[in-house]
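1. Give me a model of this one.
(one chain, ligands or ions: 1)
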Amino acid sequence: MRKISTLLGMYFGFALGSQAQQIVQRDPLIATMISEISPDSLRSHIDKLVSFGTRHTLSSVSDPKKGIGAARRWVLSRFNEFAKQSGGRMTATIDSWMLQPDGRRVDKEHEIGNVMATLKGTDPNDDRIFMVSGHIDSRVSNVSNRESDAPGANDDGSGTAAVIELARVMSKYSFPATIIFVAVSGEEQGLLGANHLAERATNEKWNLEALLNNDIMGSNHSPDTRLIDNTKLRVFSEGLSGFETDKRANGIRQYGTENDGKARTLARYVKEIGERYVDNLEIKLIYRNDRYLRGGDHTPFVNRDFAAVRITEMNENFNNQHQDLRTENGTEYGDYAKNMDFEYLRKNTCVNLATLANLAKAPSMPQNVTLEARNLTNTTTLFWQAPKAGKVKGYYVLMRETHWPFWQKKFFTDKNGLTLPYSKDNYFFAVQAVGEEGHESLPVLPRPSMR
Ligand SMILES: [Zn+2]
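-> Below is the predicted model:
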């Protein structure tokens, strides 16, 4: 029998508050980065974004002060400024192309572009990419209105400001893996920028292990329910992957893994790591890809088999989203910065930072993770191989009840296999690599081995 260390005091999150004993080990460097995310800085990014009047995807690309072109160039200039403190590791660009009329939300040819900053990883053997996104474009009531002011402070100035702020802070630090910060365009016209980027990631075979898409995350109140709360954040994730679901259906049905797709696994990771580093915030896992009547930039990635989730505030204020600026019956409509909570936006930005930093500092995922399924046993044996990149201290085997939302136990081992006195029939398992400083890779669900 192999030696097993069990971390009984592993971190369970607020939802399991009865677990009194919690050992939360924060990496002091990540905690320092977190402390550098500033609500004032986030507010200044948003005020600047709002100053472009509209950031409608089809607004002017040439006007020096108004429209999406000026907004994109400003984000690029910020990224280039941050790049100076990166020792040559950060580069920034606008990935632009020409939109063709589609007879729906695009009426004529128009230039579109995603503003990207790439913080190159320091390990030449590590090709992993982690990406964080917000959409720079904004809109009013009519999706084709490219003239009227559309401040888009929260939708999605909040996500874009988070991306800028993360680039500002993280560019000063180095990570073995690469992090891409991106302000995408064309979300409101049909996820155009995200589709382009997801297609590019597929064609260029990026080893993109996670995308955190931030869209509407800086306002804390809902007028219809009169809720005001800045202590909860939603992470939307799909349980199944939208990629070749039909081909995978038999295995999913047989092993009951409909709740363990890549996005859901990532969402659990965001919850654990986000709550580890950000105080007074509960991360709510929402078991669906997105909200009713709405879409988001993570979906083109989910559909291409990347792990991607949507991060969104708990209580949305629909009076402020996609609205012409006006007052009606005493109610003011419009997506203004004055309606936002910058301390809440700070916390939500920090969830992104904690997740990205922990992932980019961790080794890559263990390879060929298998669960021994040849014999009828009441124990569980797992095997795996070392990850491709990164130094490994050991591995966590994660375990949870089949009906439980989060991982409940972690077993640490420095070996490449483990036998546990729990039946494989009664629990779900996964394995994550643990780096020398304790950073965990994304978990990998085992493939049953019949040999
Ligand atoms: Zn949006």
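2. contacts and neighbour counts: CA atoms only from here.
-> Fine.
3. ok, R89 - how many residues close by?
-> By other Cα atoms under 10 Å, the residues close to R89 number 18.
4. Hmm, it is touching A117, no?
-> No: with contacts defined as Cα atoms under 8 Å, R89 does not count as touching A117, sitting 10.1 Å away.
5. Secondary structure element for the residue nearest the centre of the chain, which one?
-> Taking Cα atoms, centre = their mean, the centroid of the chain lies closest to L212, which sits 1.5 Å from it. In the assignment (DSSP states H and E), L212 maps to strand 207-214.
6. ok, residues contacting the next helix-or-strand element following that strand?
-> Per DSSP H and E, the first helix or strand lying C-terminal to strand 207-214 is strand 221-222. With Cα atoms under 8 Å, 6 or more residues apart in numbering as the test, strand 221-222 has contacts from L227, I228, D229, N315, E316, N317, F318.
7. any idea how far N358 lies from I112?
-> Between N358 and I112 the computed distance is 33 Å (Cα to Cα, to the nearest Å).
8. quick one, what contacts the closest residue to the ion within the stretch 201-350 of the chain?
-> Closest to the ion within the stretch 201-350 of the chain is D215: 5.0 Å, counting by Cα to the ion. Contact analysis of D215 by Cα under 8 Å, 6+ apart lists G134, H135, D155, D156, S158, G159, G296, R310, I311, T312.
9. cool, and A177?
-> A177 sits next to K120, G121, T122, D123, D126, D127, R128, I129, F130, A360, K361 when contact means Cα under 8 Å, 6+ apart.
10. Please indicate which of those residues are buried?
-> The neighbour count (16 or more other Cα atoms under 10 Å) marks K120, G121, D126, D127, R128, I129, F130, A360, K361 as buried among the contacts of A177.
11. Restricted to helices, list these.
-> A360, K361 (DSSP state H).
12. Quick one: the buried ones among the contacts of A177 as TSV, columns for pLDDT and distance to E187 too.
-> Shown next, in TSV, are the buried ones among the contacts of A177 (pLDDT from 0 to 100; distance: Cα to Cα, whole Å):
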residue	pLDDT	distance to E187
K120	98	26
G121	98	28
D126	97	31
D127	98	28
R128	98	25
I129	98	22
F130	98	20
A360	98	27
K361	98	30
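13. which stretches of the stretch 51-200 of the chain form strands?
-> Secondary structure of the stretch 51-200 of the chain by DSSP state E, counting those that start in this stretch: the strands cover 90-99, 110-119, 128-135, 178-184.
14. In the sheet, which strands lie alongside the third one, parallel or antiparallel?
-> Using DSSP bridges, the strands paired with strand 128-135 in its sheet are strand 178-184 (parallel), strand 207-214 (parallel).
15. now, of these, which is deepest in the fold?
-> strand 178-184 (a mean of 27; mean count of other Cα atoms under 10 Å).
16. quick one: contacts of it?
-> 113-122, 127-137, 160, 163-164, 166-167, 193-194, 356, 360.
17. The same query, at a cut-off of 7 Å, please.
-> With contacts defined as Cα atoms under 7 Å, 6 or more residues apart in numbering, strand 178-184 is touched by 114-121, 128-136, 160, 163, 167, 193-194, 360.
18. And for stretch 154-165?
-> 37, 42, 45-46, 49, 132-136, 138, 181-183, 214-219, 321, 335, 337, 349.
19. Same check on stretch 91-106?
-> Here stretch 91-106 makes contact (Cα under 7 Å, 6+ apart) with 76, 79-80, 83, 107-119, 144, 189.
20. again with stretch 424-441
-> With Cα under 7 Å, 6+ apart as the criterion, stretch 424-441 contacts 358-359, 361-366, 378-380, 391-402, 442-446.
21. What's the end-to-end length of stretch 97-108?
-> So stretch 97-108: terminal residues 14 Å apart, Cα to Cα.
22. Could you pull out the buried residues of it?
-> For stretch 97-108, the neighbour count (16+ other Cα under 10 Å) marks L99, V106 as buried.
23. quick check, distance from that stretch to the centre of its chain.
-> On the basis of Cα atoms, centre = their mean, to the nearest Å, stretch 97-108 sits 28 Å off its chain's mean C-alpha point.
24. can you check stretch 158-169 too?
-> For stretch 158-169 - counting by Cα atoms, centre = their mean - the centre lies 13 Å from the chain centre.
25. Kindly report the same for stretch 286-300.
-> 13 Å.
26. Can you list the buried residues in that stretch?
-> Quick answer for stretch 286-300 (16+ other Cα under 10 Å): I286, R288, N289, D290, G295, G296, D297, H298, T299, P300.
27. same deal with stretch 79-87?
-> Along stretch 79-87, these residues count as buried under the neighbour rule (16+ other Cα under 10 Å): F79, N80, F82, A83, Q85, S86.
28. can you list the residues you listed in a markdown table and add distance to the ion and pLDDT?
-> Below are those laid out as a markdown table (distance: Cα to the ion, whole Å; pLDDT from 0 to 100):
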| residue | distance to the ion | pLDDT |
| --- | --- | --- |
| F79 | 22 | 98 |
| N80 | 25 | 98 |
| F82 | 25 | 98 |
| A83 | 27 | 98 |
| Q85 | 30 | 95 |
| S86 | 30 | 97 |
